[in-house]
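Chemist: this is the structure alone, sequence omitted:
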(Lines give C-alpha, C1' and ligand atoms only; values in the text may rest on other atoms or scores of the structure.)
Protein backbone atom coordinates (compact mmCIF):
# COMPACT_ATOMS: atom_id res chain seq x y z
CA UNK A 1 0.00 0.00 0.00
CA UNK A 2 1.52 3.33 -0.97
CA UNK A 3 1.53 6.26 1.41
CA UNK A 4 -0.99 8.37 -0.52
CA UNK A 5 -3.74 5.78 -0.32
CA UNK A 6 -2.94 5.30 3.38
CA UNK A 7 -3.44 9.00 3.92
CA UNK A 8 -6.66 9.02 1.93
CA UNK A 9 -7.95 6.16 4.10
CA UNK A 10 -6.97 8.11 7.17
CA UNK A 11 -8.80 11.15 5.86
CA UNK A 12 -11.98 9.09 5.39
CA UNK A 13 -11.75 7.85 8.96
CA UNK A 14 -11.14 11.36 10.28
CA UNK A 15 -14.10 12.89 8.47
CA UNK A 16 -16.49 10.08 9.41
CA UNK A 17 -15.36 10.04 13.05
CA UNK A 18 -15.74 13.81 13.20
CA UNK A 19 -19.27 13.44 11.88
CA UNK A 20 -20.12 10.80 14.49
CA UNK A 21 -18.54 12.95 17.19
CA UNK A 22 -20.61 15.94 16.13
CA UNK A 23 -23.88 13.99 16.16
CA UNK A 24 -23.17 12.23 19.45
CA UNK A 25 -21.90 15.24 21.34
CA UNK A 26 -24.70 17.49 20.13
CA UNK A 27 -27.01 15.26 22.18
CA UNK A 28 -25.05 15.56 25.43
CA UNK A 29 -27.08 17.41 28.06
CA UNK A 30 -25.61 20.83 28.99
CA UNK A 31 -25.92 19.54 32.55
CA UNK A 32 -22.96 17.27 31.82
CA UNK A 33 -20.70 19.53 29.77
CA UNK A 34 -17.99 19.64 32.44
CA UNK A 35 -17.76 15.84 32.86
CA UNK A 36 -17.97 15.56 29.06
CA UNK A 37 -14.86 17.68 28.74
CA UNK A 38 -12.93 15.72 31.36
CA UNK A 39 -14.00 12.46 29.72
CA UNK A 40 -12.97 13.50 26.20
CA UNK A 41 -9.72 14.65 27.76
CA UNK A 42 -9.09 11.18 29.14
CA UNK A 43 -10.06 9.51 25.85
CA UNK A 44 -7.87 11.90 23.88
CA UNK A 45 -4.92 10.78 25.99
CA UNK A 46 -5.05 7.54 23.98
CA UNK A 47 -2.18 9.35 22.26
CA UNK A 48 -0.23 7.44 24.90
CA UNK A 49 -0.09 4.49 22.47
CA UNK A 50 2.13 6.49 20.14
CA UNK A 51 4.37 7.46 23.03
CA UNK A 52 4.55 3.87 24.30
CA UNK A 53 5.79 2.67 20.91
CA UNK A 54 8.46 5.40 20.88
CA UNK A 55 9.74 4.38 24.29
CA UNK A 56 9.47 0.64 23.65
CA UNK A 57 11.28 0.66 20.29
CA UNK A 58 14.10 2.90 21.59
CA UNK A 59 15.19 4.10 18.14
CA UNK A 60 17.13 7.11 19.42
CA UNK A 61 17.87 8.73 22.76
CA UNK A 62 15.88 11.81 21.85
CA UNK A 63 12.86 9.73 20.83
CA UNK A 64 13.04 7.72 24.05
CA UNK A 65 13.28 10.79 26.27
CA UNK A 66 10.45 12.61 24.44
CA UNK A 67 8.39 9.44 24.42
CA UNK A 68 8.92 8.88 28.13
CA UNK A 69 7.76 12.39 29.07
CA UNK A 70 4.81 11.93 26.71
CA UNK A 71 3.85 8.63 28.38
CA UNK A 72 3.88 10.32 31.80
CA UNK A 73 1.83 13.32 30.62
CA UNK A 74 -0.77 11.22 28.78
CA UNK A 75 -1.09 8.65 31.57
CA UNK A 76 -1.73 11.38 34.12
CA UNK A 77 -4.53 12.63 31.83
CA UNK A 78 -6.04 9.16 31.50
CA UNK A 79 -5.99 8.47 35.23
CA UNK A 80 -6.92 11.98 36.36
CA UNK A 81 -9.59 12.34 33.69
CA UNK A 82 -11.40 9.12 34.55
CA UNK A 83 -11.12 9.70 38.30
CA UNK A 84 -12.59 13.20 38.20
CA UNK A 85 -15.29 12.34 35.67
CA UNK A 86 -16.41 9.49 37.90
CA UNK A 87 -16.40 11.75 40.97
CA UNK A 88 -18.51 14.34 39.18
CA UNK A 89 -21.04 11.90 37.80
CA UNK A 90 -21.52 10.30 41.22
CA UNK A 91 -22.68 13.68 42.49
CA UNK A 92 -25.53 14.04 40.01
CA UNK A 93 -28.62 12.78 41.79
CA UNK A 94 -32.26 13.08 40.83
CA UNK A 95 -34.90 14.31 43.31
CA UNK A 96 -37.19 11.49 42.19
CA UNK A 97 -36.36 8.48 44.37
CA UNK A 98 -36.17 6.19 41.34
CA UNK A 99 -35.35 2.62 42.33
CA UNK A 100 -33.22 1.39 39.42
CA UNK A 101 -33.17 4.06 36.75
CA UNK A 102 -29.74 3.30 35.33
CA UNK A 103 -30.43 0.13 33.35
CA UNK A 104 -33.47 1.15 31.34
CA UNK A 105 -32.35 4.11 29.22
CA UNK A 106 -29.40 2.09 27.95
CA UNK A 107 -31.68 -0.63 26.64
CA UNK A 108 -33.92 2.00 25.08
CA UNK A 109 -31.12 3.86 23.33
CA UNK A 110 -29.79 0.63 21.86
CA UNK A 111 -33.11 -0.80 20.80
CA UNK A 112 -34.75 2.40 19.60
CA UNK A 113 -38.48 3.07 19.70
CA UNK B 1 7.13 -10.63 7.32
CA UNK B 2 6.54 -13.78 9.34
CA UNK B 3 2.95 -15.00 9.62
CA UNK B 4 3.27 -14.90 13.41
CA UNK B 5 3.92 -11.15 13.34
CA UNK B 6 0.95 -10.67 11.04
CA UNK B 7 -1.31 -12.44 13.50
CA UNK B 8 -0.20 -10.17 16.35
CA UNK B 9 -0.78 -7.09 14.22
CA UNK B 10 -4.29 -8.31 13.41
CA UNK B 11 -5.05 -8.84 17.10
CA UNK B 12 -3.73 -5.36 17.91
CA UNK B 13 -5.80 -3.73 15.15
CA UNK B 14 -8.94 -5.58 16.28
CA UNK B 15 -8.37 -4.45 19.86
CA UNK B 16 -8.06 -0.88 18.57
CA UNK B 17 -11.32 -1.31 16.68
CA UNK B 18 -13.13 -2.47 19.82
CA UNK B 19 -11.61 0.44 21.72
CA UNK B 20 -12.84 2.91 19.08
CA UNK B 21 -16.38 1.58 19.35
CA UNK B 22 -16.21 1.77 23.15
CA UNK B 23 -15.03 5.39 22.96
CA UNK B 24 -17.98 6.35 20.78
CA UNK B 25 -20.40 4.53 23.10
CA UNK B 26 -18.74 6.24 26.03
CA UNK B 27 -19.63 9.66 24.63
CA UNK B 28 -23.07 8.51 23.54
CA UNK B 29 -23.92 7.48 27.10
CA UNK B 30 -22.95 10.94 28.33
CA UNK B 31 -26.22 12.19 26.86
CA UNK B 32 -28.05 11.66 30.15
CA UNK B 33 -27.02 11.54 33.81
CA UNK B 34 -28.74 8.15 34.18
CA UNK B 35 -26.43 6.44 31.68
CA UNK B 36 -23.34 8.61 32.00
CA UNK B 37 -21.49 6.31 34.39
CA UNK B 38 -21.71 3.45 31.87
CA UNK B 39 -19.84 5.86 29.63
CA UNK B 40 -16.90 5.95 32.01
CA UNK B 41 -16.72 2.18 32.17
CA UNK B 42 -16.84 1.91 28.38
CA UNK B 43 -14.06 4.49 28.14
CA UNK B 44 -11.93 2.74 30.74
CA UNK B 45 -12.31 -0.69 29.14
CA UNK B 46 -11.48 0.80 25.74
CA UNK B 47 -8.39 2.44 27.17
CA UNK B 48 -7.15 -0.77 28.82
CA UNK B 49 -7.69 -2.75 25.61
CA UNK B 50 -5.87 -0.15 23.53
CA UNK B 51 -2.88 0.10 25.85
CA UNK B 52 -2.79 -3.67 26.33
CA UNK B 53 -2.88 -4.14 22.56
CA UNK B 54 -0.01 -1.69 22.07
CA UNK B 55 2.12 -3.59 24.56
CA UNK B 56 1.70 -6.73 22.41
CA UNK B 57 3.97 -5.17 19.76
CA UNK B 58 7.10 -7.25 19.26
CA UNK B 59 10.54 -6.14 20.34
CA UNK B 60 9.39 -3.69 22.99
CA UNK B 61 11.41 -3.00 26.13
CA UNK B 62 8.98 -2.59 28.96
CA UNK B 63 11.03 -1.10 31.81
CA UNK B 64 10.74 2.56 30.87
CA UNK B 65 7.14 2.16 29.74
CA UNK B 66 6.22 0.71 33.12
CA UNK B 67 8.00 3.51 34.96
CA UNK B 68 6.23 6.09 32.77
CA UNK B 69 2.82 4.55 33.37
CA UNK B 70 3.38 4.42 37.14
CA UNK B 71 4.71 7.98 37.27
CA UNK B 72 1.76 9.22 35.21
CA UNK B 73 -0.64 7.47 37.57
CA UNK B 74 1.04 9.06 40.58
CA UNK B 75 0.60 12.50 39.01
CA UNK B 76 -2.88 11.72 37.66
CA UNK B 77 -4.57 10.60 40.86
CA UNK B 78 -4.20 13.92 42.75
CA UNK B 79 -5.26 15.74 39.56
CA UNK B 80 -8.44 13.68 39.66
CA UNK B 81 -9.07 14.62 43.28
CA UNK B 82 -9.03 18.42 43.10
CA UNK B 83 -11.92 20.46 44.54
CA UNK B 84 -14.86 21.01 42.20
CA UNK B 85 -14.22 24.76 42.20
CA UNK B 86 -10.77 24.01 40.77
CA UNK B 87 -12.04 21.84 37.92
CA UNK B 88 -11.62 24.58 35.24
CA UNK B 89 -7.90 25.01 35.91
CA UNK B 90 -7.45 21.24 36.19
CA UNK B 91 -9.11 20.87 32.80
CA UNK B 92 -6.87 23.54 31.28
CA UNK B 93 -3.84 21.80 32.75
CA UNK B 94 -4.86 18.47 31.26
CA UNK B 95 -5.30 20.12 27.84
CA UNK B 96 -1.68 21.22 28.26
CA UNK B 97 -0.54 17.69 29.20
CA UNK B 98 -2.40 16.13 26.28
CA UNK B 99 -0.93 18.64 23.85
CA UNK B 100 2.55 18.15 25.36
CA UNK B 101 2.32 14.43 24.65
CA UNK B 102 1.27 15.10 21.05
CA UNK B 103 3.97 17.73 20.46
CA UNK B 104 6.75 15.55 21.89
CA UNK B 105 5.73 12.50 19.89
CA UNK B 106 5.45 14.63 16.75
CA UNK B 107 8.91 16.12 17.29
CA UNK B 108 10.45 12.70 17.93
CA UNK B 109 8.85 11.33 14.75
CA UNK B 110 10.25 14.26 12.75
CA UNK B 111 13.81 13.58 13.88
CA UNK B 112 13.45 9.83 13.33
CA UNK B 113 12.11 10.21 9.79
CA UNK B 114 13.72 13.38 8.42
CA UNK B 115 14.67 13.83 5.60
CA UNK B 116 12.49 11.00 4.29
CA UNK B 117 9.08 12.66 4.76
CA UNK B 118 6.50 13.15 2.02
CA UNK B 119 5.07 16.68 1.57
CA UNK B 120 1.61 15.67 2.76
CA UNK B 121 3.04 13.91 5.81
CA UNK B 122 5.21 16.92 6.65
CA UNK B 123 2.19 19.24 6.39
CA UNK B 124 0.23 17.12 8.83
CA UNK B 125 3.22 16.82 11.14
CA UNK B 126 3.66 20.60 11.14
CA UNK B 127 -0.03 21.06 11.90
CA UNK B 128 0.31 18.56 14.75
CA UNK B 129 3.21 20.29 16.46
CA UNK B 130 2.03 23.88 15.81
CA UNK B 131 -1.46 23.18 17.20
CA UNK B 132 0.04 21.06 19.97
CA UNK B 133 2.65 23.65 20.90
CA UNK B 134 0.27 26.58 21.10
CA UNK B 135 -2.17 24.47 23.10
CA UNK B 136 0.55 23.59 25.63
CA UNK B 137 1.43 27.19 26.52
CA UNK B 138 -2.07 28.56 25.89
CA UNK B 139 -3.58 26.04 28.29
CA UNK B 140 -0.90 26.68 30.88
CA UNK B 141 -1.67 30.41 30.65
CA UNK B 142 -5.40 29.71 31.01
CA UNK B 143 -4.75 27.44 34.00
CA UNK B 144 -2.56 30.14 35.55
CA UNK B 145 -5.26 32.77 35.11
CA UNK B 146 -7.94 30.48 36.53
CA UNK B 147 -5.76 29.56 39.51
CA UNK B 148 -5.12 33.31 39.91
CA UNK B 149 -1.36 32.85 39.70
CA UNK B 150 -1.55 35.18 36.70
CA UNK B 151 -3.68 38.34 36.55
CA UNK B 152 -7.24 37.52 35.46
CA UNK B 153 -7.77 40.92 33.83
CA UNK B 154 -7.14 40.93 30.09
CA UNK B 155 -3.77 42.45 29.20
CA UNK B 156 -3.81 44.36 25.96
CA UNK B 157 -1.15 46.40 24.20
CA UNK B 158 -0.86 48.26 20.93
CA UNK B 159 -0.24 46.15 17.86
CA UNK B 160 -1.15 42.95 19.71
CA UNK B 161 -2.96 41.42 16.78
CA UNK B 162 -0.14 42.37 14.39
CA UNK B 163 2.43 40.64 16.61
CA UNK B 164 0.26 37.52 16.85
CA UNK B 165 -0.31 37.51 13.11
CA UNK B 166 3.41 37.88 12.35
CA UNK B 167 4.26 35.02 14.71
CA UNK B 168 1.71 32.73 13.11
CA UNK B 169 2.93 33.72 9.65
CA UNK B 170 6.50 32.94 10.76
CA UNK B 171 5.49 29.47 11.92
CA UNK B 172 3.70 28.85 8.62
CA UNK B 173 6.72 29.99 6.58
CA UNK B 174 8.91 27.50 8.45
CA UNK B 175 6.28 24.79 7.98
CA UNK B 176 6.19 25.40 4.21
CA UNK B 177 9.99 25.38 4.06
CA UNK B 178 10.03 22.05 5.89
CA UNK B 179 7.42 20.62 3.54
CA UNK B 180 9.68 21.52 0.58
CA UNK B 181 12.94 20.55 2.33
CA UNK B 182 12.15 18.01 5.05
CA UNK B 183 15.90 17.66 5.69
CA UNK B 184 16.21 21.13 7.27
CA UNK B 185 16.38 19.72 10.77
CA UNK B 186 17.71 22.91 12.34
CA UNK B 187 14.55 24.84 11.40
CA UNK B 188 12.21 22.52 13.29
CA UNK B 189 12.90 23.78 16.85
CA UNK B 190 12.11 27.34 15.72
CA UNK B 191 8.69 26.26 14.50
CA UNK B 192 8.01 24.75 17.94
CA UNK B 193 9.31 27.83 19.76
CA UNK B 194 7.10 30.15 17.71
CA UNK B 195 4.07 27.94 18.39
CA UNK B 196 4.82 28.03 22.12
CA UNK B 197 5.20 31.83 22.10
CA UNK B 198 2.01 32.21 20.06
CA UNK B 199 0.08 30.19 22.67
CA UNK B 200 1.18 32.58 25.43
CA UNK B 201 0.31 35.71 23.47
CA UNK B 202 -3.04 34.29 22.38
CA UNK B 203 -4.28 33.94 25.97
CA UNK B 204 -2.73 37.10 27.50
CA UNK B 205 -5.56 39.40 26.30
CA UNK B 206 -8.34 37.05 27.45
CA UNK B 207 -10.23 37.75 30.68
CA UNK B 208 -11.84 35.45 33.21
CA UNK B 209 -15.35 35.81 31.83
CA UNK B 210 -14.24 34.44 28.44
CA UNK B 211 -12.63 31.37 29.95
CA UNK B 212 -15.51 28.98 29.10
CA UNK B 213 -15.03 29.71 25.40
CA UNK B 214 -11.25 29.59 25.57
CA UNK B 215 -11.12 26.28 27.44
CA UNK B 216 -13.49 24.77 24.89
CA UNK B 217 -11.41 26.10 22.02
CA UNK B 218 -8.18 24.73 23.52
CA UNK B 219 -10.00 21.42 23.95
CA UNK B 220 -10.76 21.48 20.23
CA UNK B 221 -7.12 22.28 19.35
CA UNK B 222 -5.87 19.46 21.57
CA UNK B 223 -8.24 17.06 19.80
CA UNK B 224 -7.24 18.21 16.33
CA UNK B 225 -3.53 17.93 17.11
CA UNK B 226 -4.10 14.39 18.39
CA UNK B 227 -5.97 13.53 15.19
CA UNK B 228 -3.06 14.95 13.16
CA UNK B 229 -0.76 12.71 15.20
CA UNK B 230 -3.00 9.80 14.18
CA UNK B 231 -2.30 10.66 10.52
CA UNK B 232 1.44 10.80 11.17
CA UNK B 233 1.50 7.45 12.98
CA UNK B 234 -1.18 5.96 10.72
CA UNK B 235 -3.19 5.08 13.83
CA UNK B 236 -6.91 4.89 13.09
CA UNK B 237 -7.72 4.72 16.80
CA UNK B 238 -5.92 7.98 17.44
CA UNK B 239 -7.58 9.67 14.48
CA UNK B 240 -10.99 8.65 15.82
CA UNK B 241 -10.25 9.73 19.41
CA UNK B 242 -8.81 13.03 18.18
CA UNK B 243 -11.79 13.66 15.90
CA UNK B 244 -14.21 12.97 18.77
CA UNK B 245 -12.33 15.27 21.13
CA UNK B 246 -11.94 17.93 18.44
CA UNK B 247 -15.62 17.97 17.56
CA UNK B 248 -16.53 18.07 21.26
CA UNK B 249 -14.32 21.11 21.81
CA UNK B 250 -15.69 22.76 18.68
CA UNK B 251 -19.33 22.22 19.64
CA UNK B 252 -18.75 23.54 23.15
CA UNK B 253 -16.93 26.60 21.79
CA UNK B 254 -19.87 27.33 19.50
CA UNK B 255 -22.36 26.99 22.38
CA UNK B 256 -20.24 29.22 24.61
CA UNK B 257 -19.70 31.96 22.02
CA UNK B 258 -23.41 31.97 21.19
CA UNK B 259 -24.21 32.34 24.89
CA UNK B 260 -22.02 35.44 24.97
CA UNK B 261 -23.17 36.69 21.57
CA UNK B 262 -19.61 36.77 20.33
CA UNK B 263 -17.72 35.16 17.50
CA UNK B 264 -14.54 33.08 17.91
CA UNK B 265 -12.45 35.81 16.38
CA UNK B 266 -14.02 38.32 18.74
CA UNK B 267 -13.14 36.24 21.79
CA UNK B 268 -9.60 35.58 20.61
CA UNK B 269 -8.68 38.93 19.09
CA UNK B 270 -11.15 41.41 20.53
CA UNK B 271 -10.31 41.34 24.29
CA UNK B 272 -12.85 42.76 26.69
CA UNK B 273 -10.31 45.51 27.50
CA UNK B 274 -12.17 48.27 25.67
CA UNK B 275 -15.31 47.56 27.66
CA UNK B 276 -13.81 48.67 30.94
CA UNK B 277 -12.82 52.03 29.54
CA UNK B 278 -16.39 52.59 28.31
CA UNK B 279 -18.01 51.67 31.60
CA UNK B 280 -16.07 54.04 33.83
CA UNK B 281 -18.43 56.94 33.04
CA UNK B 282 -21.68 56.02 34.83
CA UNK B 283 -20.93 57.29 38.31
CA UNK B 284 -24.12 59.06 39.35
CA UNK B 285 -25.60 57.32 42.39
CA UNK B 286 -29.06 56.04 41.56
CA UNK B 287 -31.36 54.97 44.39
CA UNK B 288 -31.63 51.28 45.15
CA UNK B 289 -33.84 49.46 47.63
CA UNK B 290 -32.16 47.07 50.04
CA UNK B 291 -33.48 44.47 52.47
CA UNK B 292 -32.31 42.60 55.58
CA UNK B 293 -32.08 38.83 55.93
CA UNK B 294 -35.34 38.86 57.99
CA UNK B 295 -37.23 40.67 55.23
CA UNK B 296 -35.74 38.40 52.57
CA UNK B 297 -36.71 35.29 54.55
CA UNK B 298 -40.28 36.58 54.98
CA UNK B 299 -40.66 37.25 51.23
CA UNK B 300 -39.17 33.87 50.31
CA UNK B 301 -41.36 31.88 52.70
CA UNK B 302 -44.47 33.65 51.37
CA UNK B 303 -43.59 32.74 47.77
CA UNK B 304 -44.93 29.81 45.77
CA UNK B 305 -42.29 29.74 43.08
CA UNK B 306 -38.66 30.73 43.50
CA UNK B 307 -35.92 30.63 40.88
CA UNK B 308 -32.34 30.87 42.10
CA UNK B 309 -29.85 32.32 39.61
CA UNK B 310 -26.33 31.26 40.66
CA UNK B 311 -23.19 32.77 39.17
CA UNK B 312 -19.47 32.41 39.57
CA UNK B 313 -19.65 34.73 42.60
CA UNK B 314 -21.53 32.00 44.45
CA UNK B 315 -18.68 29.57 43.86
CA UNK B 316 -16.07 32.14 44.88
CA UNK B 317 -17.93 32.73 48.17
CA UNK B 318 -18.21 28.92 48.64
CA UNK B 319 -21.92 29.53 49.23
CA UNK B 320 -23.29 26.45 47.41
CA UNK B 321 -23.75 24.38 50.58
CA UNK B 322 -25.66 27.22 52.29
CA UNK B 323 -27.74 27.52 49.11
CA UNK B 324 -28.56 23.85 49.46
CA UNK B 325 -29.76 24.49 53.04
CA UNK B 326 -31.93 27.31 51.73
CA UNK B 327 -33.29 24.97 49.05
CA UNK B 328 -34.14 22.38 51.72
CA UNK B 329 -35.77 24.91 54.05
CA UNK B 330 -37.94 26.38 51.30
CA UNK B 331 -38.84 23.01 49.75
CA UNK B 332 -39.96 21.82 53.19
CA UNK B 333 -42.36 24.78 53.30
CA UNK B 334 -43.83 23.73 49.96
CA UNK B 335 -42.07 26.40 47.92
CA UNK B 336 -41.14 25.29 44.40
CA UNK B 337 -37.42 26.10 44.07
CA UNK B 338 -35.54 25.75 40.80
CA UNK B 339 -32.15 26.91 39.56
CA UNK B 340 -31.65 28.80 36.30
CA UNK B 341 -28.32 27.95 34.69
CA UNK B 342 -26.86 30.30 32.10
CA UNK B 343 -24.54 28.47 29.66
CA UNK B 344 -21.55 30.60 30.64
CA UNK B 345 -22.19 30.60 34.40
CA UNK B 346 -18.94 29.52 36.01
CA UNK B 347 -15.54 29.27 34.44
CA UNK B 348 -16.07 26.38 32.03
CA UNK B 349 -19.04 24.79 30.22
CA UNK B 350 -21.39 23.15 32.73
CA UNK B 351 -19.31 24.21 35.73
CA UNK B 352 -22.27 25.57 37.71
CA UNK B 353 -24.18 22.27 37.40
CA UNK B 354 -21.24 20.40 38.88
CA UNK B 355 -20.92 22.84 41.80
CA UNK B 356 -24.63 22.56 42.61
CA UNK B 357 -24.65 18.79 42.19
CA UNK B 358 -21.73 18.62 44.62
CA UNK B 359 -23.91 20.45 47.15
CA UNK B 360 -26.47 17.65 46.66
CA UNK B 361 -29.01 19.72 44.77
CA UNK B 362 -30.93 17.29 42.54
CA UNK B 363 -30.04 17.72 38.86
CA UNK B 364 -33.65 17.84 37.71
CA UNK B 365 -33.93 21.17 39.60
CA UNK B 366 -31.16 22.67 37.43
CA UNK B 367 -32.82 24.19 34.37
CA UNK B 368 -31.16 25.55 31.25
CA UNK B 369 -31.67 29.15 30.23
CA UNK B 370 -33.86 28.52 27.17
CA UNK B 371 -36.13 26.21 29.11
CA UNK B 372 -36.67 28.40 32.17
CA UNK B 373 -36.73 31.89 30.68
CA UNK B 374 -40.45 31.73 29.88
CA UNK B 375 -41.25 30.95 33.53
CA UNK B 376 -39.91 34.15 35.10
CA UNK B 377 -43.18 36.16 34.66
CA UNK B 378 -45.00 33.53 36.77
CA UNK B 379 -42.23 33.47 39.37
CA UNK B 380 -42.67 35.16 42.74
CA UNK B 381 -39.02 35.59 43.60
CA UNK B 382 -35.88 35.44 41.49
CA UNK B 383 -32.88 35.20 43.82
CA UNK B 384 -29.62 36.18 42.11
CA UNK B 385 -26.50 34.92 43.90
CA UNK B 386 -23.15 36.02 42.53
CA UNK B 387 -24.34 36.46 38.95
CA UNK B 388 -24.24 39.83 37.22
CA UNK B 389 -23.85 40.23 33.47
CA UNK B 390 -26.04 37.22 32.64
CA UNK B 391 -28.98 39.00 34.35
CA UNK B 392 -28.37 42.44 32.83
CA UNK B 393 -31.53 43.59 31.02
CA UNK B 394 -29.43 46.14 29.09
CA UNK B 395 -28.38 43.19 26.93
CA UNK B 396 -31.93 43.13 25.55
CA UNK B 397 -32.63 46.82 25.14
CA UNK B 398 -29.55 49.05 25.24
CA UNK B 399 -27.84 48.98 21.84
CA UNK B 400 -24.87 50.92 23.25
CA UNK B 401 -24.19 48.33 25.95
CA UNK B 402 -21.08 46.22 25.36
CA UNK B 403 -23.10 43.10 26.09
CA UNK B 404 -26.05 44.08 23.85
CA UNK B 405 -27.46 40.99 22.13
CA UNK B 406 -26.08 38.50 24.66
CA UNK B 407 -28.82 36.06 25.70
CA UNK B 408 -29.67 36.66 29.37
CA UNK B 409 -31.86 35.19 32.08
CA UNK B 410 -35.02 37.34 32.25
CA UNK B 411 -34.95 37.73 36.04
CA UNK B 412 -36.35 41.27 35.82
CA UNK B 413 -39.69 39.76 34.76
CA UNK B 414 -40.16 38.01 38.12
CA UNK B 415 -42.52 39.69 40.62
CA UNK B 416 -39.68 40.33 43.03
CA UNK B 417 -35.97 40.18 42.27
CA UNK B 418 -33.49 39.80 45.10
CA UNK B 419 -29.80 40.24 44.39
CA UNK B 420 -27.13 39.20 46.87
CA UNK B 421 -24.08 41.34 46.24
CA UNK B 422 -21.14 42.63 48.26
CA UNK B 423 -21.54 46.25 47.19
CA UNK B 424 -22.69 48.33 44.24
CA UNK B 425 -19.34 47.87 42.45
CA UNK B 426 -19.89 46.76 38.87
CA UNK B 427 -19.07 43.15 38.00
CA UNK B 428 -16.08 41.58 36.35
CA UNK B 429 -16.66 43.13 32.96
CA UNK B 430 -17.20 46.51 34.62
CA UNK B 431 -20.66 46.98 33.12
CA UNK B 432 -23.39 48.71 35.15
CA UNK B 433 -26.51 46.60 35.65
CA UNK B 434 -29.86 48.48 35.43
CA UNK B 435 -31.52 45.47 37.09
CA UNK B 436 -30.40 46.83 40.47
CA UNK B 437 -32.40 50.06 40.10
CA UNK B 438 -35.73 48.50 39.14
CA UNK B 439 -38.78 48.99 41.39
CA UNK B 440 -39.22 45.26 41.91
CA UNK B 441 -35.58 44.70 42.86
CA UNK B 442 -34.29 44.36 46.41
CA UNK B 443 -30.55 44.43 47.00
CA UNK B 444 -29.25 42.13 49.73
CA UNK B 445 -25.82 43.52 50.59
CA UNK B 446 -23.31 41.14 52.05
CA UNK B 447 -21.19 38.06 51.55
CA UNK B 448 -23.21 35.42 49.67
CA UNK B 449 -22.41 32.59 52.08
CA UNK B 450 -23.11 34.66 55.23
CA UNK B 451 -26.28 36.23 53.83
CA UNK B 452 -27.82 32.96 52.66
CA UNK B 453 -26.86 31.50 56.06
CA UNK B 454 -28.77 34.29 57.84
CA UNK B 455 -31.84 33.72 55.65
CA UNK B 456 -31.72 30.00 56.48
CA UNK B 457 -31.50 30.78 60.22
CA UNK B 458 -34.47 33.15 59.92
CA UNK B 459 -36.50 30.48 58.12
CA UNK B 460 -35.63 27.89 60.77
CA UNK B 461 -36.26 30.06 63.81
CA UNK B 462 -38.57 32.96 63.00
CA UNK B 463 -41.81 31.76 61.48
CA UNK B 464 -41.95 28.18 62.78
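Modeler: Yes, it's here. Because the structure is a prediction, the values reported are computed rather than measured. Numbering: from 1, shown residues only, chains lettered A, B, ... in the order given.
Chemist: for the closest residue to residue B:373 other than its chain neighbours, what are its contacts?
Modeler: Excluding the flanking residues, the one nearest residue B:373 by CB to CB, 6 or more residues apart in numbering or on different chains is residue B:410, at 5.2 Å. Where you see a C-beta, it was placed from the backbone N, CA and C, and this is true even at glycine. Applying CB atoms under 8 Å, 6 or more residues apart in numbering or on different chains to residue B:410 gives the contacts B:373, B:376, B:393.
Chemist: so what does residue B:410 have for phi and psi?
Modeler: phi -80, psi 60 (degrees, to the nearest 10).
Chemist: how far away is it from chain A?
Modeler: Distance of residue B:410 to chain A, given as CB to the nearest CB, to the nearest Å: 18 Å.
Chemist: which pLDDT value goes with that residue?
Modeler: Residue B:410 carries a pLDDT value of 94.
Chemist: re the thing from before, most surrounded residue in the contacts of residue B:410?
Modeler: The member of the contacts of residue B:410 surrounded by the most neighbours (other CB atoms under 10 Å in any protein chain shown) is residue B:376, with 20 neighbours in all.
Chemist: that residue should be in a helix, yeah?
Modeler: Yes. Applying DSSP: H, G, I helix; E, B strand; the rest coil, one finds residue B:376 inside a helix.
Chemist: so who does it touch?
Modeler: Contacts of residue B:376 by CB under 8 Å, 6+ apart are B:307, B:382, B:409-414.
Chemist: go again with 10 Å.
Modeler: B:305, B:307, B:309, B:340, B:382, B:409-415, B:417 (CB atoms under 10 Å, 6 or more residues apart in numbering or on different chains).
Chemist: quick check: it vs residue B:412, distance?
Modeler: 8 Å (CB to CB, to the nearest Å).
Chemist: what does residue B:234 give?
Modeler: Distance from residue B:234 to residue B:412, by CB to CB: 57 Å.
Chemist: mind checking which of the two has more residues around it?
Modeler: residue B:412 (18 against 15).
Chemist: nearest residue to the more buried one other than its sequence neighbours?
Modeler: residue B:393 (4.8 Å).
Chemist: my guess is residue B:63 meets residue A:55, correct?
Modeler: Yes. With contact defined as CB atoms under 10 Å, residue B:63 reaches residue A:55; the gap is 9.2 Å.
Chemist: more neighbours: the two, which one.
Modeler: Taking other CB under 10 Å, residue B:63 and residue A:55 do not tie; residue A:55 has more neighbours (27 against 9).
Chemist: is it fair to say the more buried one lies in a strand?
Modeler: No. Judged by three-state DSSP, residue A:55 forms no part of a strand; its state is helix.
Chemist: now it: how far from chain B?
Modeler: Between residue A:55 and chain B the computed distance is 5 Å (CB to the nearest CB).
Chemist: same thing with residue A:60?
Modeler: Counting by CB to the nearest CB, the gap from residue A:60 to chain B is 6 Å.
Chemist: now that residue: closest residue in space that isn't a chain neighbour?
Modeler: Using CB to CB, 6+ apart, the nearest residue to residue A:60 is residue B:112, at 6.4 Å.
Chemist: burial count for that neighbour?
Modeler: Neighbour number of residue B:112 under other CB under 10 Å is 15.
Chemist: circling back: what residues are up against the residue nearest to residue B:412?
Modeler: B:401, B:408-413, B:433-435, B:438.
Chemist: how about 8 Å then?
Modeler: Counting by CB under 8 Å, 6+ apart, residue B:393 makes contact with B:408, B:410, B:412, B:434-435.
Chemist: which of these sit farthest apart?
Modeler: B:410 and B:434 (13.4 Å; CB to CB).
Chemist: for chain B, which helix or strand comes out least confident on mean pLDDT?
Modeler: Taking mean pLDDT, DSSP states H and E as the measure, helix B:273-279 is the helix or strand of chain B with the lowest mean score, a mean of 40.
Chemist: residues near residue 20, how many?
Modeler: With no chain named, the answer covers chain A. For residue A:20, using other CB under 10 Å, the count is 17.
Chemist: my question was about chain B
Modeler: For residue B:20, the count of nearby residues is 24 (other CB under 10 Å).
Chemist: give the closest residue to it in space, chain neighbours not counted.
Modeler: Counting by CB to CB, 6+ apart, the residue nearest residue B:20 is residue B:240, at 4.7 Å.
Chemist: which parts of the strand or helix carrying the one you found are buried?
Modeler: Using DSSP states H and E, residue B:240 sits within helix B:236-259. For helix B:236-259, burial by neighbour count (16 or more other CB atoms under 10 Å in any protein chain shown) applies to B:236-253, B:255-257, B:259.
Chemist: and that helix, how far out from the chain's middle?
Modeler: 12 Å (CA atoms, centre = their mean, to the nearest Å).
Chemist: counting contacts, what elements does it pack onto?
Modeler: Contacting helix B:236-259 under the criterion 3 or more CB pairs under 8 Å, 6 or more residues apart in numbering or on different chains; DSSP states H and E are the following elements: helix A:3-26, helix A:33-44, helix A:48-57, helix B:3-28, helix B:211-233, helix B:264-269.
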